[in-house]
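**Q** Turn this into a model:
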Amino acid sequence: MLPLYTFYGDDFTGSTDVLEQLAANGVQSTLFLAPPTAPQLDSFPGLQAFGIAGDSRSRPPAWMSRYLPSLFASLRSFHAPIIHYKVCSTFDSSPKHGSIGRAIELGIEVLHPRFVPIVVGSPHLRRFVFEGRLFASAPDGTIHRIDRHPMSRHPVTPMREPDLRRHLQKQTTLSIGHISHAELHTNASTAEALERELSVGVRAVLFDTIDSHSLVNTTDQLWRSALEQPLFCAASSGLTAGLISTWRKQGILQTQIFSPTFDSVSPLLVISGSCSVATSRQIDWASRNGFHTIHADPTKLLDRFRGERYRDSLIHRLTTILDRGEDAVLYTSLFSSPSEFAGEALGTTLGLTLCRLLATTSISRVVLCGGDTSSHAVQQLGILALTWKASLQTGAPLCQVHFHDCQTRPFELVLKGGQVGTEDFFAAAKGVKPASSRAT
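**A** Model (predicted):
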C-alpha cells in the first residue's frame, strides 16, 4: 500500500484533527505519542499514514532544537512524499514558545526539501488567508482578522500579528515568499507563481487560502512536487483537507467517506484546563444540564506542600459522582485567562489526576479540553497510540486508546481545543442529543 503522508502535531488536539480527516476519508492512519518502532508500526497493518502527537507548541526553541530533529528523521523513515509539521490554524506561536520559524529551520536542516510550503487557511474550520493575512471564525461565528480574534488574548502565545510573513520574520531569518489568491485559479497559474517565488531564492512559501478551490489548487501543485522530491510542510489541517481532495481526484482514494455510529456512555468525565470563552460556555451549559461541575483551583493544585491533599479531595469527590453513574466536569478556569497557570505543570497535574481516576473508577470515555493542557495531560496515561473511532464535531473526534501495556479495558478519548465545539459539545461527546434539541 502506497505511503502517503506522515505528520508531527505541535499539540495533541490538532493531531487528532488530522487523524480524523485521514481516517474518515479512508486513509489507514494511526496517531502515536512517540516515534513508533518497526514492531509498533507492524501492529497497525496497512498503514498509509501515521502521525506523532507532540507538544512543541508550548516549548521554547532550545527544546525544539534538541528534540525535533530526531522526530523529523523518524517521520522520514516511512518514505512518504509529504512530511507535515502540523500547526494550529490560528498560527499562534512566538519567538519564545512554539516557534514555527524554528521548526521550519530544523525541517530544512534534517530533510533538505526544495522548499517549505506554508498552508494555514482551513476552510473546513472557517480559517482563511487573504493577501497573506489570517482571518478566523470566533465562537459566535463572526469572522475576525486574527489580531481581533479571541486568540489575540491566548495566555501563552497571543496572536496579535495578522500578516503571517511578518509574524514569522520575528521567529526566523529565512526568506519567505507568498502566492496570492489571484494566482491560485488554475494549476498552471499556481505552478508558474511557485517557480517565480523559488527562482528568487526563497526557502518557504506562504499560500493564500480563501476557499476550497484555492486550497486544492495549492495541494495539487504540492503533491506533484512531492512525488518528484519529498516535501516538508509547515501547515494547518487545511493541508490535510486539500490533499485528501487531491488524492480523490487522482484516484488514490475511493469516494467513500466513513461516518460510523457510536454508543452513548454514562458517566462522562470532562477535564478542562482551557481558558477559552468557547470552553467556558460549554462548562456553563453542562452545569445547567445535569453535569456536576467542580472547580479545581490551580493555585492549590500546584501547591508544593498542600497540593497532594487537595488533589486527593477532588479525586474523592469525582469518584463518588462517577460511581453513581453521573457526569462530571473538572475545570480550572471559567471566563478568565490565568496565564501563570497555563502549560506543562497544570497539564501534567491534570493528567496524573486522570490516571488516579482511571484506577479508581470504571469510566470508559473522557474529554480533555485545552490544546496545551491536553498535550501534557495525555502523556501521563501510558498510551501508545490513538485511532479514530467516530466524528463528533469538526476538529474534536472520538478516539480509541491503545495502551502500551496492551490493556484490554475499552477506553475512548476526546481531545478538544479551547476554541472548538458548540455550546452543547459535551452532549455530543456523551453520545446523546441535548434536551433542547430532542423531538417533543
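**Q** which stretches of the stretch 301-440 of the chain aren't confidently modelled?
**A** Residues of the stretch 301-440 of the chain meeting the criterion pLDDT under 70: 334-343, 406-408, 434-440.
**Q** Buried residues of stretch 103-117, list them for me.
**A** 103-108, 110-111, 113, 115-117 (16 or more other C-beta atoms under 10 Å). Using the backbone N, CA and C atoms, a C-beta is placed for each residue, glycine as well.
**Q** For it, measure first residue to last.
**A** This stretch, stretch 103-117, spans 13 Å end to end (C-alpha to C-alpha, to the nearest Å).
**Q** Check what contacts that stretch and list those residues.
**A** 10, 56, 64-65, 68-69, 72-73, 76, 83, 85, 87, 118, 168, 172, 174, 198, 202-205, 207, 218, 222, 225, 229-235, 239 (C-beta atoms under 8 Å, 6 or more residues apart in numbering).
**Q** Strands of the stretch 1-150 of the chain, start to end?
**A** 5-9, 29-32, 49-53, 82-86, 116-119, 127-130, 133-137, 143-145 (DSSP state E, counting those that start in this stretch).
**Q** Of all the ones you listed, which one is nearest Val265?
**A** Ranking the strands of the stretch 1-150 of the chain by proximity to Val265 (C-beta to C-beta) places strand 29-32 first, at 21.2 Å.
**Q** That closest one: how far from the chain's middle?
**A** 13 Å (C-alpha atoms, centre = their mean, to the nearest Å).
**Q** go on, stretch 358-372?
**A** 18 Å.
**Q** Now do that stretch: distance from first to last residue.
**A** Stretch 358-372: ends 21 Å apart by C-alpha to C-alpha.
**Q** residues of that stretch that come out buried?
**A** 358, 361, 363-372.
**Q** same thing with stretch 200-207?
**A** Quick answer for stretch 200-207 (16+ other C-beta under 10 Å): 202-207.
**Q** And for stretch 140-160?
**A** 144, 146-147, 149-152, 154-160.
**Q** just to revisit the earlier point, restricted to helices, list the buried residues of stretch 358-372.
**A** For the buried residues of stretch 358-372, the ones inside helices are 358, 371-372, with DSSP state H as the criterion.
**Q** any idea which of the residues you listed is the one closest to Val420?
**A** For those, the nearest to Val420 is Gly371 (9.2 Å; C-beta to C-beta).
**Q** Name the nearest residue to the closest one, ignoring sequence neighbours.
**A** Asp11 (4.3 Å; C-beta to C-beta, 6 or more residues apart in numbering).
**Q** Just confirm the one you found contacts Thr90, I think it does.
**A** No. The pair Asp11 / Thr90 is not scored as a contact, 11.4 Å apart, by C-beta atoms under 8 Å.
**Q** Who has more neighbours out of these two?
**A** Asp11 (27 against 24; other C-beta atoms under 10 Å).
**Q** Which parts of this structure are helices?
**A** Assigned by DSSP H, the helices in the chain fall at 12-24, 38-42, 61-76, 100-111, 164-168, 187-199, 212-228, 237-249, 277-287, 298-301, 307-323, 344-360, 371-378, 425-430.
**Q** ranking those by burial, who's on top?
**A** Of all the helices of the chain, helix 371-378 carries the top mean neighbour count, a mean of 29, counting by mean count of other C-beta atoms under 10 Å.
**Q** how about CSV for the strands of the stretch 1-150 of the chain, with distance to Pro39 and mean pLDDT added?
**A** Shown next, in CSV, are those (distance: least, C-beta to C-beta, whole Å; pLDDT from 0 to 100):
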stretch, distance to Pro39, mean pLDDT
strand 5-9, 18, 97
strand 29-32, 12, 97
strand 49-53, 14, 96
strand 82-86, 22, 98
strand 116-119, 32, 98
strand 127-130, 38, 96
strand 133-137, 41, 95
strand 143-145, 47, 95
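**Q** Specify the stretch among the ones you listed that is closest to Asp263.
**A** Across these, Asp263 has its closest neighbour in strand 29-32 (22.0 Å, C-beta to C-beta).
**Q** just checking, what packs against the closest one?
**A** Secondary-structure packing of strand 29-32 (3 or more C-beta pairs under 8 Å, 6 or more residues apart in numbering; DSSP states H and E): helix 12-24, strand 49-53, strand 383-393.
**Q** Tell me what angle the second one forms with helix 371-378.
**A** Read it as strand 49-53. Relative orientation of strand 49-53 and helix 371-378, computed by axes from the mean of the first three to the mean of the last three C-alpha atoms, to 10 degrees: 90 degrees.
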